[in-house]
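S.K.: fold the following.
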Amino acid sequence: MDQLLEVKIGCLAGLLVVTLICGLIPAQVRWFQSNMARGKHRRILSFIGCFAAGVFLGACIMHMVADALGDIQEELKKRRQQVSTSQGGGTRRKASEDDLRMYPFGELVISAGFFLVFLIESVVLHCCPKAVHSHGDHNTEEDHKDPPESHSSFRAFVLFLSLSFHSVFEGLAIGVQKQETAAIQLCLAVLIHKAIVVFSLALKLVQSGTPARWRLLYLVVFALMSPAGIGVGIGVSLYNSDGTSLAQALLEGVAAGTFLYVTFLEILPYELRSHESPLTKFFFIGLGFSIMAIIAIWA
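M.R.: Take a look at the predicted model:
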């Protein structure tokens with residue numbers, strides 16, 4: 001077997017195992033169950049939740065949005081060059097291309113993903129108002145204030161879906177690498193990223209009140225996404241075909257928009273409504289974001 005192929009298969013197996021292990025910790029360890037939290041235990045869980053919120057914010061801006069914008073612009077640039085080469089020069093055509101180059105197509109695609117989830121959630125809430133629910137399990141012995149609204153099960157599902165979709169492209173990037181060193185470096189960056197994100201995802205699924213069997217299904221499917229992407233990337237590298245690259249970039253942009261919606265309208269507001277110290281919450285959110293920003297150097 002080719003050594004590069006062996007490295008990619010090793011990356012596939014490593015991502016699968018590590019993601020499953022990290023994802024099962026909040027779901028299986030009772031200490032992370034929010035309905036058990038009291039006093040100091042509840043505050044620690046709140047700070048972990050703020051850290052997870054920072055992780056999602058960093059993953060959203062530094063990874064998903066940045067990757068989507070870069071890929072969309074790259075694909076549009078390739079196609080403009082192909083059109084220019086096939087049709088020849090021309091002042092009017094050149095001015096038109098400059099106008100198109102200035103138009104924020106990537107931002108438009110991401111916005112479309114944002115409004116897509118907004119529309120779907122609005123329809124769901126219109127047809128079934130109880131789709132967003134709240135729990136009273138955040139009260140403590142010494143704090144009798146009204147608890148913050150719990151995570152929506154629908155939004156938890158959208159969070160899982162958008163993260164899973166992005167994971168496919170992370171795996172795809174590993175699968176198409178042409179050198180063993182590059183594949184290993186990228187895999188290590190994705191491995192750290194996935195380990196933190198899947199832990200945070202599992203924590204949010206627990207907080208949203210998602211039934212145990214569905215949490216397990218979500219985590220297993222999420223764990224399979226990057227390995228599936230690696231498999232697709234291996235196939236693409238073998239056949240050297242990029243005919244669907246623009247469609248992939250556009251889909252990644254839509255996924256980034258959906259994640260943008262969940263991050264800013266669900267995750268951050270929920271954590272900021274808790275009753276702990278605002279400066280301490282800021283610290284943990286900033287810490288989570290900083291880790292994702294550092295990972296972006298290598299990813």
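
S.K.: give me the number of residues near residue 126?
M.R.: Residues lying near residue 126 (other CB atoms under 10 Å) number 9. C-beta coordinates here come from the backbone N, C-alpha and C atoms, glycine included.

S.K.: how about it, what does it touch?
M.R.: By CB atoms under 8 Å, 6 or more residues apart in numbering, the contact list for residue 126 is empty.

S.K.: just the pLDDT for it.
M.R.: pLDDT for residue 126: 76.

S.K.: swap in residue 106?
M.R.: pLDDT at residue 106 comes out at 90.

S.K.: against residue 56, how distant is it?
M.R.: From residue 106 across to residue 56, the span is 21 Å (CB to CB, to the nearest Å).

S.K.: over to residue 186?
M.R.: Distance of residue 186 to residue 56, given as CB to CB: 21 Å.

S.K.: out of the two, which sits in the more crowded spot?
M.R.: residue 56 (29 against 18).

S.K.: what is the burial count for the nearest residue to residue 180 once chain neighbours are set aside?
M.R.: Closest residue to residue 180 apart from its sequence neighbours, by CB to CB, 6 or more residues apart in numbering: residue 7 at 4.7 Å. Using other CB under 10 Å, residue 7 is surrounded by 19 other residues.

S.K.: list the buried residues of the helix or strand harbouring residue 7.
M.R.: With secondary structure defined by DSSP states H and E, residue 7 is part of helix 3-28. Across helix 3-28, burial judged by 16 or more other CB atoms under 10 Å covers 4, 7-8, 11-12, 14-16, 18-19, 22-24, 26-27.

S.K.: elements contacting it?
M.R.: Packing contacts for helix 3-28, counted by 3 or more CB pairs under 8 Å, 6 or more residues apart in numbering; DSSP states H and E, involve helix 153-175, helix 180-207, helix 212-239.

S.K.: dump these to CSV, plus distance to residue 267.
M.R.: Converted to CSV, the helices and strands packed on helix 3-28 look like this (distance: least, CB to CB, whole Å):
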stretch, distance to residue 267
helix 153-175, 8
helix 180-207, 7
helix 212-239, 16
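
S.K.: who wins for proximity to residue 79 among those?
M.R.: Closest to residue 79 of these, according to CB to CB: helix 212-239, at 18.7 Å.

S.K.: residue 24 is in contact with residue 203, correct?
M.R.: No - between residue 203 and residue 24 there is no contact under CB atoms under 8 Å: 11.7 Å.

S.K.: count of residues packed around the closest residue to residue 250 other than its chain neighbours?
M.R.: Using CB to CB, 6+ apart and skipping the chain neighbours, the partner closest in space to residue 250 is residue 109 (5.7 Å). Applying other CB under 10 Å, we find 22 residues neighbouring residue 109.

S.K.: list the contacts of residue 109.
M.R.: 68, 72, 250, 253-254, 257.

S.K.: check those and tell me the two furthest apart.
M.R.: 72 and 257 (11.7 Å).

S.K.: show me the shaky parts of the stretch 51-200 of the chain.
M.R.: Residues of the stretch 51-200 of the chain that meet the criterion pLDDT under 70 lie in 84, 87-101, 128-152.

S.K.: list the residues that contact residue 228.
M.R.: If you count contacts by CB under 8 Å, 6+ apart, residue 228 has them with 168, 171.

S.K.: that one and residue 4, how far apart?
M.R.: From residue 228 to residue 4 the distance is 19 Å (CB to CB).

S.K.: try residue 206
M.R.: 39 Å.

S.K.: residue 282 too?
M.R.: For residue 282, the distance to residue 4 - CB to CB - is 44 Å.

S.K.: ok, residue 229 next?
M.R.: 17 Å.

S.K.: ok, now residue 72?
M.R.: 28 Å.

S.K.: just residue 66 next, same as before
M.R.: On the measure of CB to CB, residue 66 and residue 4 end up 27 Å apart.

S.K.: what's the closest of the contacts of residue 109 to residue 292?
M.R.: Closest to residue 292, out of all of the contacts of residue 109 and judged by CB to CB, is residue 68, at 15.5 Å.
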